[in-house]
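K.L.:
please find the sequence and the predicted model below.
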Amino acid sequence: MSAVNEQIAREYFESHGFFARQANKYIVMARNKRPSEEIDLIIVKPAQTEQAVPAEILWTGRQLAGIACAVVSVRGWHSERFTAQTLELSPQLFRFASAAAVDSVKPLVGDAPVAKIICLPDLPSSPQPRKDALEVIRARGVDGVILFPTMIRELAVSIEISNDYEKSDVLQLLRIVKNYDLFRDEQLDLFRKQPRKKKPQMTVDERESPASDG
């Protein structure tokens with residue numbers, strides 16, 4: 001997990017009232033990872049006294065409202081969509097949701113119920129392949145999926161252009177992008193597919209010629 005991916009996820013969960021702790025401060029080779037080392041973040045919301053895991057598996061900030069404690073895996077492979085086939089062939093993605101991994105955070109969170117959240121770049125856009133991918137994820141014991149486009153859009157909505165977010169590189173970058181109107185209206189789609197039409201520039205002769213009298 002790259003530092004940028006982790007920072008986006010951390011800022012997102014903190015914006016929804018969670019304290020986020022990085023589970024491990026060291027790097028482990030993928031083939032040697034223990035289940036507990038697959039956890040990227042441990043998030044706790046002190047203001048939430050009861051755990052209410054939503055029935056749906058694809059989450060936004062609305063579904064996070066009932067979560068008090070969770071372990072998070074952040075997968076920022078932004079070059080691909082996670083299909084059912086990709087997920088089936090990558091069982092290591094779900095080791096963070098195993099009983100052994102969840103038990104490893106008990107010394108930190110006590111006996112509180114722990115939700116399992118995975119942050120992914122994207123899923124197939126077609127309804128059935130998307131549904132198939134989510135079913136694979138649910139079958140592996142994951143409670144919620146949060147996509148990077150969702151996190152970025154929600155963070156961008158919360159940004160105030162007048163504020164200086166110099167303590168967070170992620171928020172400061174989003175502020176700059178939002179300030180230059182590179183998000184499209186309320187949809188917040190990054191970078192317009194069709195650039196705005198520019199007004200035709202006047203030639204030197206046109207600028208210097210006197211205006212017509214009528």
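P.N.:
Right, received. Where do you want to start?

K.L.:
pLDDT weak spots in the chain?
P.N.:
1, 30, 184-214 (pLDDT under 70).

K.L.:
what segments of it are helices?
P.N.:
3-15, 61-64, 84-88, 99-103, 106-109, 127-139, 148-158, 169-179, 204-208 (DSSP state H).

K.L.:
return the distance of the fifth one from the chain's centre.
P.N.:
It stands for helix 106-109. Relative to the chain's own centre, helix 106-109 is displaced by 25 Å; criterion: CA atoms, centre = their mean, to the nearest Å.

K.L.:
what do you get for stretch 120-131?
P.N.:
15 Å.

K.L.:
span of that stretch from start to end?
P.N.:
Distance between the two ends of stretch 120-131: 15 Å, counting by CA to CA, to the nearest Å.

K.L.:
distance of the closest residue to Ile137 other than its chain neighbours from Pro54?
P.N.:
Nearest non-adjacent residue to Ile137, counting by CB to CB, 6 or more residues apart in numbering: Val145, 5.8 Å away. The C-beta positions use only the backbone N, C-alpha and C, and glycine is treated the same way. As judged by CB to CB, to the nearest Å, Val145 and Pro54 stand 11 Å apart.

K.L.:
now the common contact residues for these two.
P.N.:
With contacts defined as CB atoms under 8 Å, 6 or more residues apart in numbering, no residue is shared by Val145 and Pro54.

K.L.:
follow-up on the earlier one: between the helices of the chain, which one is closest to Tyr26.
P.N.:
helix 3-15 (13.8 Å; CB to CB).

K.L.:
so which of the helices of the chain comes closest to Pro35?
P.N.:
Pro35 lies closest to helix 99-103 among those, at 3.9 Å (CB to CB).

K.L.:
show me which of Val145 and Pro54 is the more surrounded one.
P.N.:
The neighbour count for Val145 versus Pro54, taken as other CB atoms under 10 Å, is higher for Val145 (21 against 16).

K.L.:
give the contact list for Gly141.
P.N.:
Contacts of Gly141 by CB under 8 Å, 6+ apart are Phe94, Ala97, Ser98, Lys116.

K.L.:
sorry, back to before: was I right about the residue nearest to Ile137 contacting Ile118?
P.N.:
Yes: when contacts are counted by CB atoms under 8 Å, Val145 is listed as touching Ile118 (5.7 Å).

K.L.:
what about stretch 106-117, distance to the chain center?
P.N.:
21 Å.

K.L.:
buried stuff in that stretch?
P.N.:
Val109, Val114, Ala115, Lys116, Ile117 (16 or more other CB atoms under 10 Å).

K.L.:
cool, stretch 133-148 as well?
P.N.:
Applying a neighbour-count criterion of 16+ other CB under 10 Å, the buried positions in stretch 133-148 are Ala133, Leu134, Val136, Ile137, Arg140, Val142, Asp143, Gly144, Val145, Ile146, Leu147, Phe148.

K.L.:
what's across from the residue nearest to Ile137 in the sheet?
P.N.:
Leu58, Ile118 (DSSP bridges).

K.L.:
done for today, thanks.
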